[in-house]
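Trainee: Pasted the sequence and its predicted model underneath.
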Amino acid sequence: MEPMNNRKKVLVIQRIAQPALDLFSARDDIEVEVLTDTSATNIAAHVGDADAITIRDAPLPAEALTGAHKLKIISRHGVGYDNLPLAFCTERSILVTIIGDVNAVAVAEHTLYLMLAVAKNGIRFDRAVRAGDFGIRGRKSTFELRGKTLLLVGYGRIGQEFAARARALGMSVAAYDPFVDRARFPDVRFFDTLHEALAEADVVSLHVPLGDKTRNLIDVLALARMKNNSILINAARGGLIDEAALVSALEAGRLHGAGLDVFAREPPAADDPLLGREDIVLSPHCAALTADCLVDMGKATVRNVLAAFDGTLDPRLIVNRSLLK
């Protein structure tokens, strides 16, 4: 075993699956400290000698990292990184990595669930039957998906996995993604503008990261462009939808409903108007949290750290690739 002063320390902020932690244990040159208290003060108190950090969805403010003079990599347990201080990390030459396509199938399946639950009035009908209101079947109609157009805003791996499942239901697939190579997907109808695409879709599903250009991407104007009786799904990131505008559109009867796995504030406040609406199907930011996927995500997170230490890190998984230059 190498001397302790030659070992690299990994600070695991929020526990990850044990099979993933076992990958660290298999190495004699790694020591691990797990933090369950994710306050900025506690992180700052433990980060001084860390060579690497793994983190799930806890906020990691820049002020918690000012004393992290050895830190070389932050490995995100997921594909979003809006909880990390990216500009600070780039300035300090700290690599930020994501796990890539590991959670694509889990998220696509959950997105499919949200779409079906909204289309078929799943929440309303379940509650009505339990309350003895079998007659709701004559008052509320459901939404048939066969022959409808699904618009995927973002056509990466998750969008592609969801598209395959939607086609099995007989839906046609359209997409808005300025960065995709359209020639690779001849069976997808691509739109040049989101404005144009929204007017053609029966179901709109969001699959983009949250950033300055995508925050409130679906706002009052975007909702006004959507078809009457259409469906909006978001299992990507909270903040992509102007939630107040969504509630207004639903109150006006313009949309059939919405399915949300993510929220601008998580968890939502107890008096959040979203919580009182039965035309919205809600889940607690859990699309990727299947038992299988949690293990795979954890392992991918750990492998990024080990690859960074070994000089074999896949550059496609690095968010701030400018550091490679």
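Mentor: Thanks, I have the structure now.
Trainee: Could I get the full set of helices for the stretch 1-150 of the chain?
Mentor: 18-25, 40-46, 86-91, 104-119, 122-130 (DSSP state H, counting those that start in this stretch).
Trainee: Would you indicate which residues of the first one are buried?
Mentor: The one in question is helix 18-25. Ala20, Leu21, Leu23, Phe24 (16 or more other C-beta atoms under 10 Å). Using the backbone N, CA and C atoms, a C-beta is placed for each residue, glycine as well.
Trainee: How is this protein divided into domains?
Mentor: 4-102+291-324, 104-282 (automatic domain parsing).
Trainee: For the longest one, what is the distance to the chain centroid?
Mentor: If I follow you right, that is domain 104-282. 14 Å (C-alpha atoms, centre = their mean, to the nearest Å).
Trainee: go on, the shortest one?
Mentor: Relative to the chain's own centre, domain 4-102+291-324 is displaced by 18 Å; criterion: C-alpha atoms, centre = their mean.
Trainee: circling back to that earlier point, got a markdown table for the domains of the chain, with mean pLDDT too?
Mentor: A markdown table is the format used below for the domains of the chain (pLDDT from 0 to 100):
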| stretch | mean pLDDT |
| --- | --- |
| domain 4-102+291-324 | 96 |
| domain 104-282 | 97 |
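Trainee: show me the contacts for the closest residue to Ala197 other than its chain neighbours.
Mentor: Among residues not flanking Ala197 along the chain, Phe191 sits closest, at 3.7 Å (C-beta to C-beta, 6 or more residues apart in numbering). Neighbouring residues of Phe191 by C-beta atoms under 8 Å, 6 or more residues apart in numbering: Leu151, Ala174, Ala175, Tyr176, Ala197, Glu200.
Trainee: circling back: who wins for proximity to Glu33 among the helices of the stretch 1-150 of the chain?
Mentor: Closest of those to Glu33 is helix 40-46, at 6.4 Å (criterion: C-beta to C-beta).
Trainee: before we move on, back to that, any idea which of the contacts of Phe191 is closest to Glu63?
Mentor: Tyr176 (37.1 Å).
Trainee: How many residues are close by the closest one?
Mentor: A count of neighbours around Tyr176, defined by other C-beta atoms under 10 Å, yields 22.
Trainee: Would you mind measuring from the closest residue to it other than its chain neighbours to Glu109?
Mentor: With sequence-adjacent residues excluded and distances taken as C-beta to C-beta, 6+ apart, Tyr176 is closest to Ala197, at 4.4 Å. Using C-beta to C-beta, to the nearest Å, we find Ala197 at a distance of 24 Å from Glu109.
Trainee: more neighbours, those two?
Mentor: A direct count of neighbours by other C-beta under 10 Å for Ala197 and Glu109 places Ala197 higher, at 24 against 17.
Trainee: That one in helix, strand or coil?
Mentor: helix (DSSP: H, G, I helix; E, B strand; the rest coil).
Trainee: quick one, which of the helices of the stretch 1-150 of the chain is nearest to Val180?
Mentor: Taking these one by one with C-beta to C-beta, helix 104-119 is closest: 15.0 Å.
Trainee: and that closest one, what other elements does it pack with?
Mentor: helix 157-168, strand 203-206, strand 230-234, strand 255-260, strand 280-282, helix 291-310 (3 or more C-beta pairs under 8 Å, 6 or more residues apart in numbering; DSSP states H and E).
Trainee: do you know which of those lies nearest Ile16?
Mentor: Per C-beta to C-beta, nearest to Ile16 of those: helix 291-310, 3.9 Å.
Trainee: For the closest one, give me every contacting residue.
Mentor: Contacts for helix 291-310 (C-beta under 8 Å, 6+ apart): 8, 10, 16-17, 19-21, 23-24, 27, 29-30, 51-52, 54, 72-73, 75-78, 95, 97, 99-100, 102-103, 105-106, 288, 313-314, 317.
Trainee: Name the residues of that helix that come out as buried.
Mentor: For helix 291-310, by 16+ other C-beta under 10 Å, it's 293-309.
Trainee: for stretch 238-257, same thing?
Mentor: For stretch 238-257, using 16+ other C-beta under 10 Å, the buried residues are 238-243, 245-247, 249-250, 255-257.
Trainee: Now the spatially closest residue to Ser230 that is not a sequence neighbour, what are its backbone angles?
Mentor: Spatially, and ignoring its direct neighbours in sequence, Ser230 is nearest to Asp202 (5.4 Å; C-beta to C-beta, 6+ apart). Dihedral angles of Asp202 (phi, psi; degrees, to the nearest 10) stand at phi -90, psi -30.
Trainee: check contacts around Asp202.
Mentor: Counted by C-beta under 8 Å, 6+ apart, Asp202 has contacts Lys148, Thr149, Leu150, Lys227, Ser230, Ile231.
Trainee: 6 Å - rerun?
Mentor: Contacts for Asp202 (C-beta atoms under 6 Å, 6 or more residues apart in numbering) come out as Lys148, Thr149, Ser230.
Trainee: Name the helix or strand for Ala224, please.
Mentor: helix 220-225 (DSSP states H and E).
Trainee: returning to what we had before: okay if I get the buried residues of helix 18-25 as TSV plus distance to Pro85?
Mentor: Below are those laid out as TSV (distance: C-beta to C-beta, whole Å):
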residue	distance to Pro85
Ala20	24
Leu21	25
Leu23	26
Phe24	24
